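sequence unknown, structure follows:
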DNA sequence: AAATTTTTTTTGTGATCACATATTTTTGAT
DNA sequence: ATCAAAAATATGTGATCACAAAAAAAATTT
């Protein structure tokens, strides 16, 4: 009668978490917080050894990420972290502007007090992470902040598409995140988002998130130009 | 020296097509041309028997489609074709309007003569399928027409997101496609798209594709309302 | 007859193996 | 030393098996 379940009956785990799911979550998290480098190769056996799982779950998780375009497959089925060129990055930028703009309009419309309180909390966490200067924590907090806002938009399918683009960007976000100037401009955009949501101002909300996305994109492009010589055709 | 490869040297298959890929393609095609019903259950063993493949390739293909949100998984990992409610369908409509609008603007800007010729060809095929009244052929031609246009937009990643939404819509497109009035209005929109592309008129192109998407969405909603009684909460 | 329990069947997951092919390393020739 | 050939190693795919859990069917009780 003292069993653990009784203490938390309402969040009892009804669905078993498969190993495949665990591996997938871990890889996804690692990708989004920039722990993999573009072009980096991954192998099934290598990962399964590293994670202490058998090949089956790893193989399925890798295929899932491939399906989501986070990886690219060589013609011989080898898997590597996807590399983006400038055109790809701009494409993602455009898609994000339009989709996340849509989500922010919806969020501004539907937001309630509970949403606002929780978003504020996320914002504070993000601000904190920015102050401390912990890149990985900042990235996680950034995704979490945006995710919580989009949750208020109540648009599961669009959200999935957006997260997919985030997955692509993960390794690149990690490049700009340490930049102090970027962080400042980004946090300014975030505060504008917060304000627009509070005012239920749809167009201001869209404008603010556009500003956020454009800022990240511009900073990233400048950084990439510095990294490799002008004229270099190599993807990063 | 009389080997088959020599006859078609430029399209020699350089990458082996895996069974997983074949199964995935087949299921995807079946989904998009409306050969599955929403809510329909699929099993690994059932499909592998039907397709004459072993469980491994089927299982991986199913997981991939699940990852792409075309299937939903019960909490016990059973797989079924995803059912959409009205809110889901409107969400997809909004996402399509914004993303495909973006693609059409890009296409109108970048289009060259070769693109135009091929798109015209696709348009004729589509018109033909509409006249004949073959639903499955019409659906395939419709996807093919849009796909060819978006190809001119040269936006691989956005395209992937759009095709993903098509995958969701597949079973529902199949419902409205037989409707004659819908077909007429849809083909009118298609002709407007064609014209706008020819004129390189970006905003007209966006407007025309929006019209196309909205028309399909409206027809579908009307149809769904007729199908189940008012007030019914059941997803279709 | 209806509801409940028990038994049987079906199903997804994870593990392991064989195999063909890609990739890397080693060897040998020039 | 450089390059080509050969051997060795690593890798993804597909097949099959065991198992636990779920779903369906059958049996039993009320």
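Now that the structure is in, tell me what you want to look at. All values derive from a computational prediction rather than experimental measurement. Numbering: from 1, shown residues only, chains lettered A, B, ... in the order given.

Please count neighbours and contacts with C-alpha atoms only from this point.
Noted.

Okay, now the unreliable bits of chain A?
Applying pLDDT under 70 to chain A flags the ranges A:1-16, A:228-236.

Chain B contacts on that one?
Applying CA under 8 Å from any CA of the partner chain, we find that chain A lies next to chain B at A:14-16, A:60, A:63-64, A:67-68, A:75-76, A:88, A:91-92, A:95, A:98-99, A:155, A:157-158, A:161.

Report the buried members of those.
For those, a burial check counting by 16 or more other CA atoms under 10 Å in any protein chain shown picks out A:60, A:63-64, A:67-68, A:88, A:91-92, A:95, A:98-99, A:155, A:157-158, A:161.

farthest-separated two in those residues?
Farthest apart among those by CA to CA are A:60 and A:98. That separation is 31.6 Å.

Go ahead and flag the most central residue of chain A.
In chain A, the centroid-proximal residue (CA atoms, centre = their mean) is residue A:166; its distance is 4.0 Å.

For residue B:31, see how far away the closest residue to it other than its chain neighbours is.
Leaving aside its sequence neighbours, residue A:166 sits nearest to residue A:32 (CA to CA, 6 or more residues apart in numbering or on different chains; 7.0 Å). Look at residue A:32 and residue B:31: by CA to CA, to the nearest Å, they are 31 Å apart.

What of residue A:23?
Distance of residue A:23 to residue B:31, given as CA to CA: 28 Å.

Kindly report the same for residue A:180.
Counting by CA to CA, the gap from residue A:180 to residue B:31 is 48 Å.

out of those two, which sits in the more crowded spot?
Higher neighbour count among residue A:180 and residue B:31: residue B:31, with 23 against 13, using other CA atoms under 10 Å in any protein chain shown.

which residues touch residue A:70?
Contact analysis of residue A:70 by CA atoms under 8 Å, 6 or more residues apart in numbering or on different chains lists A:81, A:82, A:164, A:167, A:168.

Out of the residues of chain A next to chain B, which sit inside strands?
Counting by DSSP state E, no part of these is found in strands.

could you pick out which of those residues are near DNA strand C?
With CA under 7 Å from any atom of the strand as the criterion, the residues of chain A next to chain B include residue A:76 near DNA strand C.

can you pull out the helices in chain A?
Using DSSP state H, the helices found in chain A span residues A:19-32, A:44-51, A:55-67, A:86-110, A:113-132, A:135-153, A:156-176, A:180-198, A:202-227.

Now distance to DNA strand D too, for the ones you listed, in JSON lines please.
JSON lines is the format used below for these (distance: least, CA to the nearest atom of the strand, whole Å):
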{"stretch": "helix A:19-32", "distance to DNA strand D": "13"}
{"stretch": "helix A:44-51", "distance to DNA strand D": "4"}
{"stretch": "helix A:55-67", "distance to DNA strand D": "7"}
{"stretch": "helix A:86-110", "distance to DNA strand D": "25"}
{"stretch": "helix A:113-132", "distance to DNA strand D": "33"}
{"stretch": "helix A:135-153", "distance to DNA strand D": "27"}
{"stretch": "helix A:156-176", "distance to DNA strand D": "20"}
{"stretch": "helix A:180-198", "distance to DNA strand D": "36"}
{"stretch": "helix A:202-227", "distance to DNA strand D": "29"}
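
From residue A:42, how far off is residue A:49?
Residue A:49 is 12 Å from residue A:42, where distance means CA to CA.

same check, this time on residue A:221
As judged by CA to CA, residue A:221 and residue A:42 stand 26 Å apart.

swap in residue A:57?
Taken as CA to CA, the span from residue A:57 to residue A:42 is 14 Å.

Just want to know which of these two has more residues nearby.
Neighbours were counted for residue A:57 and for residue A:42 using other CA under 10 Å; residue A:57 has more, 19 against 15.

That one reaches residue A:23, doesn't it?
Yes: using CA atoms under 8 Å, residue A:57 is in contact with residue A:23, at 7.0 Å.

residues contacting residue A:28?
Taking CA under 8 Å, 6+ apart, we find residue A:28 in contact with A:65, A:167.

Now do the same contact list for residue A:223.
Here residue A:223 is in contact with residue A:176 (CA under 8 Å, 6+ apart).

how far away is it from residue A:39?
Distance, residue A:223 to residue A:39, by CA to CA: 18 Å.

Kindly report the same for residue A:165.
Going from residue A:165 to residue A:39 by CA to CA gives 17 Å.

where does chain A come near DNA strand C, residue by residue?
Contact residues (CA under 7 Å from any atom of the strand) of chain A with DNA strand C: A:18, A:19, A:20, A:53, A:54, A:55, A:56, A:57, A:74, A:76, A:78.

and the residues you listed, which are buried?
Buried members of the residues of chain A next to DNA strand C, counted by 16+ other CA under 10 Å: A:19, A:20, A:55, A:57.

Need the nearest residue in space to the third one, chain neighbours excluded.
Residue nearest to residue A:55 in three dimensions, not counting chain neighbours: residue A:48, with 5.5 Å by CA to CA, 6+ apart.

For the one you found, the count of nearby residues, please.
Each residue near residue A:48 was counted by other CA under 10 Å, and the total is 17.

Please name the residues that touch it.
A:54, A:55, A:58.

Return the member of the contacts of residue A:70 nearest to DNA strand C.
Taking CA to the nearest atom of the strand as the measure, residue A:81 is the one of the contacts of residue A:70 closest to DNA strand C, at 14.6 Å.

Does that closest one touch residue A:41 like I think?
Yes: between residue A:81 and residue A:41 there is a contact under CA under 8 Å: 6.4 Å.

Which one's more surrounded, these two?
Neighbour count, other CA under 10 Å: between residue A:81 and residue A:41, residue A:81 has more, with 22 against 15.
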